[in-house]
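Asker: Sharing a model prediction with you, sequence too.
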Amino acid sequence: MSTPPIRLVLSDVDGTLVTSAKELTDASVRAVAALHDAGIAFAITSGRPPRGMAMLVEPLSISTPIAAFNGGMYVDGTMKVLSARTIPDAAVAPIVELFDGRGLDTWLYRGAQWLVRDGAAPHVDRESATVRFEPTVVSDFGDVLDAAARGEGALAKIVGVSDDHELVADVEGAARDLVGDEVSASRSQPYYLDVTNPLANKGEVVDHLRAQFGLDASQICTLGDMPNDVLMFARSAMSIAMGNADREVQRAARHVTASNDEDGFAQAIERYVLPGGS
């Protein structure tokens with residue numbers, strides 16, 4: 001029996017679709033256009049907030065639901081919210097306390113707001129340039145924690161930030177031990193630990209899009225570079241890790257392509273997905 005053709009490509013953004021400079025290359029734009037021409041749907045998912053992916057819609061002609069916050073929120077191309085899953089309120093204070101206690105900078109995402117306590121903290125400027133909007137700087141998170149205590153927190157994501165990558169990995173395990181199945185905790189970058197609703201993960205994004213488009217897992221291709229991409233690898237027949245991914249991620253994928261700074265995304269689409277590829 002022949003392998004069913006790929007009908008949907010789901011790609012991570014940072015470290016996969018865009019370069020280290022957070023730019024789309026001409027080759028990637030052409031590769032996505034070729035997918036459209038071949039009748040293959042293209043979708044993106046990321047830990048970014050919705051506004052942080054808006055700049056990709058026009059150049060890539062994206063018409064599929066966009067899975068922001070690792071699937072914590074789905075929006076259309078106009079950034080209209082289609083559905084959202086927030087962090088359980090009871091888990092908010094324990095996670096913030098854990099991050100603070102271990103020395104991670106803490107960022108909170110609520111609605112369209114990105115809240116930080118120090119606008120000069122590591123990676124704030126870089127993140128602002130990436131998502132193309134500025135955070136709201138607050139003196140403390142008291143109002144947010146109080147709202148969560150009342151059952152009105154509505155946080156889409158909590159991020160712990162540190163350039164101590166081993167610490168971030170260690171706190172990932174500690175977060176899971178602390179709140180168990182109440183949240184999903186995974187690294188979207190070596191320096192970012194994302195905490196979201198337990199159903200806000202990239203494996204669930206595959207299932208969401210598969211159901212919406214009436215597809216089987218055998219018809220889906222996923223591309224990524226980080227540990228939080230492994231869940232979507234497991235739910236798609238074709239999975240492609242970037243050359244810049246670590247060995248753990250590469251071992252979880254069916255194929256490995258070049259790095260994101262070497263047009264690995266475009267090479268993967270041409271070689272493994274488009275008709276006539278090897």
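Answerer: Nice, thanks for sending it over.

Asker: contacts, neighbours, all on C-alpha from now
Answerer: Noted.

Asker: Skipping adjacent residues, who's closest to residue 252 in space?
Answerer: Spatial nearest neighbour of residue 252, chain neighbours left out: residue 230 (6.4 Å); criterion: C-alpha to C-alpha, 6 or more residues apart in numbering.

Asker: residues in contact with that neighbour?
Answerer: If you count contacts by C-alpha atoms under 8 Å, 6 or more residues apart in numbering, residue 230 has them with 203, 224, 249, 252, 253.

Asker: Which of the residues you listed fall within strands?
Answerer: Of the contacts of residue 230, the ones assigned to strands by DSSP state E are residue 224.

Asker: is it true that the residue nearest to residue 252 lies in a helix?
Answerer: Yes. Applying DSSP: H, G, I helix; E, B strand; the rest coil, one finds residue 230 inside a helix.

Asker: ok, it to residue 115 distance?
Answerer: From residue 230 across to residue 115, the span is 28 Å (C-alpha to C-alpha, to the nearest Å).

Asker: Show me the shaky parts of the protein.
Answerer: 1-3, 277-278 (pLDDT under 70).

Asker: tell me, what residue is most central in it?
Answerer: The residue lying closest to the centre of the chain (C-alpha atoms, centre = their mean) is residue 46, at 2.2 Å.

Asker: Touching, that residue and residue 72? I think so.
Answerer: No. Contact criterion C-alpha atoms under 8 Å: residue 46 and residue 72 do not qualify, at 9.8 Å.

Asker: Phi first, then psi, for the closest residue in space to residue 243 that isn't next to it in sequence.
Answerer: Excluding its sequence neighbours, the residue lying closest to residue 243 (C-alpha to C-alpha, 6+ apart) is residue 259, at 4.0 Å. Note on residue 259: its backbone torsions stand at phi -70, psi 170 [degrees, to the nearest 10].

Asker: and what of the one 4 residues further on?
Answerer: Here is the backbone geometry of residue 263 (degrees, to the nearest 10): phi 60, psi 40.

Asker: In the contacts of residue 230, which residue is surrounded by the most others?
Answerer: residue 224 (33 neighbours; other C-alpha atoms under 10 Å).

Asker: got a list of what that one touches?
Answerer: Applying C-alpha under 8 Å, 6+ apart, the residues near residue 224 are 11, 12, 13, 15, 16, 230, 240, 241, 242, 245.

Asker: I'd like to know which of those are part of strands.
Answerer: Per DSSP E, the contacts of residue 224 map to strands at 11, 12, 240, 241.
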